[in-house]
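Participant: just to be clear, the model below is a prediction. Sequence and coordinates:
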6 protein chains.
Amino acid sequence: MRHDGRASGALRPVEITRSYLKYPEGSALIAMGDTIVLCTATLEEAVPAFRKGLGRGWVTAEYAMLPRSTETRSLRETRGRVNARNLEIQRLIGRSLRGVVDFSAMGERTIWLDCDVIQADGGTRTAAVTGSFVALAEAFLMMKERELVEKIPLKGYLAAVSVGLVKGAALLDLDYREDVSASVDLNVVMNGAGEMVEIQGTAEEGTFNREQLDLLLDLAGAGIAELIGKQQESLGEKAVQLIETACGSGR
Amino acid sequence: MRHDGRASGALRPVEITRSYLKYPEGSALIAMGDTIVLCTATLEEAVPAFRKGLGRGWVTAEYAMLPRSTETRSLRETRGRVNARNLEIQRLIGRSLRGVVDFSAMGERTIWLDCDVIQADGGTRTAAVTGSFVALAEAFLMMKERELVEKIPLKGYLAAVSVGLVKGAALLDLDYREDVSASVDLNVVMNGAGEMVEIQGTAEEGTFNREQLDLLLDLAGAGIAELIGKQQESLGEKAVQLIETACGSGR
Amino acid sequence: MRHDGRASGALRPVEITRSYLKYPEGSALIAMGDTIVLCTATLEEAVPAFRKGLGRGWVTAEYAMLPRSTETRSLRETRGRVNARNLEIQRLIGRSLRGVVDFSAMGERTIWLDCDVIQADGGTRTAAVTGSFVALAEAFLMMKERELVEKIPLKGYLAAVSVGLVKGAALLDLDYREDVSASVDLNVVMNGAGEMVEIQGTAEEGTFNREQLDLLLDLAGAGIAELIGKQQESLGEKAVQLIETACGSGR
Amino acid sequence: MRHDGRASGALRPVEITRSYLKYPEGSALIAMGDTIVLCTATLEEAVPAFRKGLGRGWVTAEYAMLPRSTETRSLRETRGRVNARNLEIQRLIGRSLRGVVDFSAMGERTIWLDCDVIQADGGTRTAAVTGSFVALAEAFLMMKERELVEKIPLKGYLAAVSVGLVKGAALLDLDYREDVSASVDLNVVMNGAGEMVEIQGTAEEGTFNREQLDLLLDLAGAGIAELIGKQQESLGEKAVQLIETACGSGR
Amino acid sequence: MRHDGRASGALRPVEITRSYLKYPEGSALIAMGDTIVLCTATLEEAVPAFRKGLGRGWVTAEYAMLPRSTETRSLRETRGRVNARNLEIQRLIGRSLRGVVDFSAMGERTIWLDCDVIQADGGTRTAAVTGSFVALAEAFLMMKERELVEKIPLKGYLAAVSVGLVKGAALLDLDYREDVSASVDLNVVMNGAGEMVEIQGTAEEGTFNREQLDLLLDLAGAGIAELIGKQQESLGEKAVQLIETACGSGR
Amino acid sequence: MRHDGRASGALRPVEITRSYLKYPEGSALIAMGDTIVLCTATLEEAVPAFRKGLGRGWVTAEYAMLPRSTETRSLRETRGRVNARNLEIQRLIGRSLRGVVDFSAMGERTIWLDCDVIQADGGTRTAAVTGSFVALAEAFLMMKERELVEKIPLKGYLAAVSVGLVKGAALLDLDYREDVSASVDLNVVMNGAGEMVEIQGTAEEGTFNREQLDLLLDLAGAGIAELIGKQQESLGEKAVQLIETACGSGR
């Protein structure tokens, strides 16, 4: 039994609030237990220099934590301070989301995903991926409505979860207390068909073998399927239909 | 009649949620209409170098806007970019709050106030002052509870509001649409006795005279009294009693 | 009696040296007692991106202190250090001067005002506003002479002064020693008609009421009128005539 | 057949030059084909603040590329420019090496690993891990010789390699040309017992399944075993004996 | 004949105003023709880390130009901008002055020399060296007066001048117009005995030979002797006696 | 006799490896004793803004040291740290090389010279100049081969060496140990005709006279002639012929 009473394969309570803010083209507030991340999607009618003239879109992400989203206050990243962890995470978010975007269908536009951690209790990067998908889908739905695109430029759903080995046991969706005592930490990003888009596994002062990896990937797959269900609930029936028209129901 | 149907002396709907986050010593989410600011108070058991050895505390503030809190996305203040407007505002917030703190009663401690704008629809700096007071009071109440201080180190309540001249009319609590067309913009910070702690008035490509200033200060005074009522509601009866014990009911 | 023998409503000795440097389009060295600020105006034949194509000009300011303009040496603002006080002040200077500029008459040009404090003995920001007006007027006079503009693009004179409450007494033009012991500090910017363009009042660990505010504004008004006289002396009769032609003698 | 004639499971020619520089406590120049990385290990007699007083050591890494190590010149990371890719890579290197260090045996000391890419032809981050292990081992051997430590503070060997799917084929040790056309890119760090310390897999605009992951991990395991052989050759017999004494021959 | 009527070996009019500012321990405003540099000396009762515990002092310099000291406005060096030319010059100034300081006699103290260019018409770095010597001497005289040191911690006088080849002619003390058309530019720093402390010669898109170098050094020597006379005039008889007591009249 | 057995006028063993890297248009690894510098030349088909439209080329240099090229590890110049010494040196390198370039023959192109110190044992800046000449010549030879230019855009050879006074003796090519104890340090850059392009002499806490300067320049001239021989050996006969065709054999 885990410290909060969860089974090893259980997610924390998940809540995704679509259209949380009034200005962005897409936005979602995602809570996984006490971890809360605000994700927004901003449409820009241009692409970065390296994509110009190719007729294809771009998706990029930024990730930051509010100073007091954590137990102790962290310094703001202003005035030349650089937070390498944040940069690593935002690269992961951008790469992951790009894995399910149909750039040709997007046209030469950029979507900026901003993930701001309101409260951090473990798994902020995977919550950010899951929440960003909803914000991105919202922005794409709006673009379809405004007839900027012919179809929703998505190739599939996308969600992420962390799994880990804690005292030898494989656990789904670690909170901060579990994360700290995990010997292996694995972040998994999958699409709606259960295929992997990104995996990042780290043994903190230890190692892991192939069997353990298999066990962890099984747990992650089940958790991600559940999260995609939550995304669909939050997006609503009509949105789900439009997405499935674009990318096929299997994904 | 104003575009949203308010009377000239009416505030937008005000909502203050105390203890919004689980980690900070104090926190408050304040909404004034569509303007939403998250304020947290962090206790540090030290003072800056220039205050060392004086037996007195310090209060300082930081202010920032989430990238998509506004109509168009703003760049994050990372990597050397400096936002002079943010710096000006956080200096105002810090100075204002320091105006009602009893530093001797605080001991050699610092409270960091972090004001992060979730959504901006005018009046973010004054909302930040009003919300920060609640977060600060919460932190002081916690310090009293833990017996770090003998009394709540406050000399009075504090709230702020913006007033302005729009097409010749004096209006209370401008939203963004009104702010843009105002010829004079005045931010007022007062204590519970209606005394001024800070005023900042700017004529955008115009001027204002003494009569107009008087009219605006009258409006502001009434609005601030109402806001202090909201602060008291949010803090609750017991907290209000403790604060009044510390600083007298008149304030 | 004040420590330097001045009456409560007396300015320090004021000296404005027009055309102090040979390169800038306008320049003035202003001394108010021991406070010395060098103000220059630089003409640029372009406006910032947000003003492009509107046929209107722009005025912006920068403010800095030489490292040893003060009692103790301050660090230079190079290499990523940011001085929030300087940024706040330069925003005030820019805003104030823009209050008396006729941007349509200026054409799509920018004037950069650089205010560098040579020696600081209180009131540097208000001296910077007063001196910048002379540098700006000089640049405009030069533009008229070169027939870049049809009329001097000014709507009025502009000067600034600080007033404050020191041990209960309202004093004009505080020097550093007085500033440190003031309970209220008010910076006032007015035009030639005695109308307010900007006011910034701060109670340092105290408060002020409406009567005190009125008293301080009276003092400031008289001081500013005197300073505008000094500006006119420094600019000379011919320049004064050109300015009055442009904006009317009342201002 | 691959473009350079290699079999799918073949490494590029590997050359590790131990003690490449005269100043550092450890250094190695590693060449994998045309990819050349200079790795140095610097001993510091202190640990970062967060490790103080625990009696344990620390290992951290920095990674950078010389401006013309690549086809086109890249800007230096000076003057506020931040290279997020470099930061992500150096975090990977540090984390990986820490996976095989016996921090208690090290004492309160830090080893700084500097990985500077002289020439980049794919796989620089994995070459940096493999080369850094040699530099780190050299520094530890020197510490043993100087009797700063009682045993070599290692728990095992460590090497890394990249594997990927190129046109459906699983390939070992991708060069730049292969890397660009790979649909899946997996970096694997293993110890001498073939256990995983870190895996990072990314599908570039695609996905991968469990079978493909297994295939890639098999290839990586064989390649890493070969690389550890090269490390041992470069370190020499006596060093290998000392390391095996410390961590057991199986690793 | 030079464009301003000077002979090839003539300095521009030189004026050195000692004690120009009221706060610094030493200050001098030096004008060489239209080149004006404000030099201040600040005493700090500490030395940098690398000099600690040696019982010896330190002298360091900073150099900057006001934005409109030049024909066209230059950007301020704030917010991460770096001016390599300024850094190169301030290193020259610091090195030069250190050449005549008796660090043992100074005690563990630092003098900060700040050289701020008010107006630039060629030769600002050499004017800064010459003016800094006066500010430094003033600070040392004050230290002697306050009995912080037993003798003036100087080993000699120090002044600098630029010489150059313009259309084949060797000229002393180039102004900006001459500097631009010079094929060789040589900055020379000498002590009171005519010995060299620093020379920096650059051929702009050309070369120079040994004879030309000799000619230029002759001119520089004469100019520097004259400048040292001006320094002595400015410092006054009593100061000159104290300095000569410390370092011998020959220097 | 010097500590390494060299005569006072002897260079350390010099080795120049042309075409050290595969990507740059030109590259050379230069070793002077234990000092090793990697120099690359990158061709850019554009010139900086201030050279646009003049039909002339530009050459600029950057210089940096690897963190562990020195006895103690130095911090990387990332994240806002500025190394004034590096900036001063790269300005010297750029200026020196520009002294022998025929910019009209180059066309509107820029060559970036990157000098990265692999190991530092004194004389890195002069080694960088000497090595950069070879990298630059290689880039020019390639440009000739590709018929981008009609002739090699060089006006002469260029090399540099340091000389100094150590315990009264004039020595050529100081290593770090000698450099530290030198009372005078002189860096000399000359062309193939023995004419000076740049000299920088500094007396560390001392002075030098005209005779000493002459002695040092004699030593430098002989050393530079020898270095130019090494450059020619490294470039090969055919390259030497092409260069001599362009600039005459005397240079």
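Facilitator: The structure has been received and is ready for your questions. Everything numeric in this text was worked out from a predicted model, so none of it was measured. Numbers count the residues shown, from 1 in each chain, chains lettered A, B, ... in the order given.
Participant: just for the stretch 151-251 of chain A, where's the confidence low?
Facilitator: A:249-251 (pLDDT under 70).
Participant: helices along that one, start to end?
Facilitator: A:176-180, A:210-235, A:237-247 (DSSP state H, counting those that start in this stretch).
Participant: show me which residues of chain A sit near chain D.
Facilitator: A:80, A:82, A:84-85, A:87-88, A:90-91, A:95, A:98-99, A:191, A:193, A:195-203, A:205-210, A:213-214, A:217 (Cβ under 8 Å from any Cβ of the partner chain). (Glycine included, C-beta is placed from N, CA and C.)
Participant: that older thread, export the helices of the stretch 151-251 of chain A to TSV and tack on distance to D:G122 and mean neighbour count?
Facilitator: Below are the helices of the stretch 151-251 of chain A laid out as TSV (distance: least, Cβ to Cβ, whole Å; neighbours: other Cβ atoms under 10 Å in any protein chain shown):
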stretch	distance to D:G122	mean neighbour count
helix A:176-180	33	16
helix A:210-235	25	19
helix A:237-247	32	16
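Participant: return the nearest residue of the stretch 151-251 of chain A with respect to chain B.
Facilitator: Proximity to chain B, evaluated over the stretch 151-251 of chain A using Cβ to the nearest Cβ, is greatest for A:Y176 at 10.6 Å.
Participant: may I ask you to confirm that that residue is in contact with A:A120?
Facilitator: Yes - here A:Y176 reaches A:A120: they are 7.1 Å apart, a contact under Cβ atoms under 8 Å.
Participant: for chain C, see how far away the nearest residue to A:Y157 once chain neighbours are set aside is.
Facilitator: In this structure, A:Y157 finds its nearest non-sequential neighbour in A:G192, 3.6 Å apart by Cβ to Cβ, 6 or more residues apart in numbering or on different chains. From A:G192 across to chain C, the span is 43 Å (Cβ to the nearest Cβ, to the nearest Å).
Participant: what of A:I152?
Facilitator: Taken as Cβ to the nearest Cβ, the span from A:I152 to chain C is 34 Å.
Participant: just A:E44 next, same as before
Facilitator: For A:E44, the distance to chain C - Cβ to the nearest Cβ - is 16 Å.
Participant: got it, and A:M143?
Facilitator: From A:M143 across to chain C, the span is 27 Å (Cβ to the nearest Cβ).
Participant: my guess is that residue contacts A:L43, does it?
Facilitator: Yes - assessed by Cβ under 8 Å, A:M143 is found in contact with A:L43 at 6.9 Å.
Participant: need the residues touching each of those two.
Facilitator: A:E25, A:R109 (Cβ atoms under 8 Å, 6 or more residues apart in numbering or on different chains).
Participant: picking up where we left off before, can you select the buried ones from the residues of chain A next to chain D in ChimeraX?
Facilitator: Per 16 or more other Cβ atoms under 10 Å in any protein chain shown, the buried members of these correspond to this ChimeraX selection:
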select /A:80,82,87,88,90,91,95,98,99,191,195,196,197,198,199,200,201,202,203,207,208,213,217
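Participant: who does A:M65 bridge with?
Facilitator: A:V117 (DSSP bridges).
Participant: confirm A:I16 sits in a strand?
Facilitator: Yes - counting by DSSP: H, G, I helix; E, B strand; the rest coil, A:I16 is found in a strand.
Participant: show me where the stretch 51-200 of chain A has its strands.
Facilitator: Remark: strands assigned in the stretch 51-200 of chain A by DSSP state E, counting those that start in this stretch are A:58-65, A:110-119, A:158-166, A:169-172, A:182-191, A:196-203.
Participant: most packed of those strands?
Facilitator: Of all the strands of the stretch 51-200 of chain A, strand A:158-166 has the most neighbours on average by mean count of other Cβ atoms under 10 Å in any protein chain shown, namely a mean of 26.
Participant: relative to that one, what are the paired strands and their orientations?
Facilitator: By DSSP bridges, strand A:158-166 pairs with strand A:169-172 (antiparallel), strand A:182-191 (antiparallel).
Participant: relative to E:R6, which of those is closest?
Facilitator: With Cβ to Cβ as the criterion, E:R6 lies closest to strand A:182-191 of the strands paired with strand A:158-166, at 74.3 Å.
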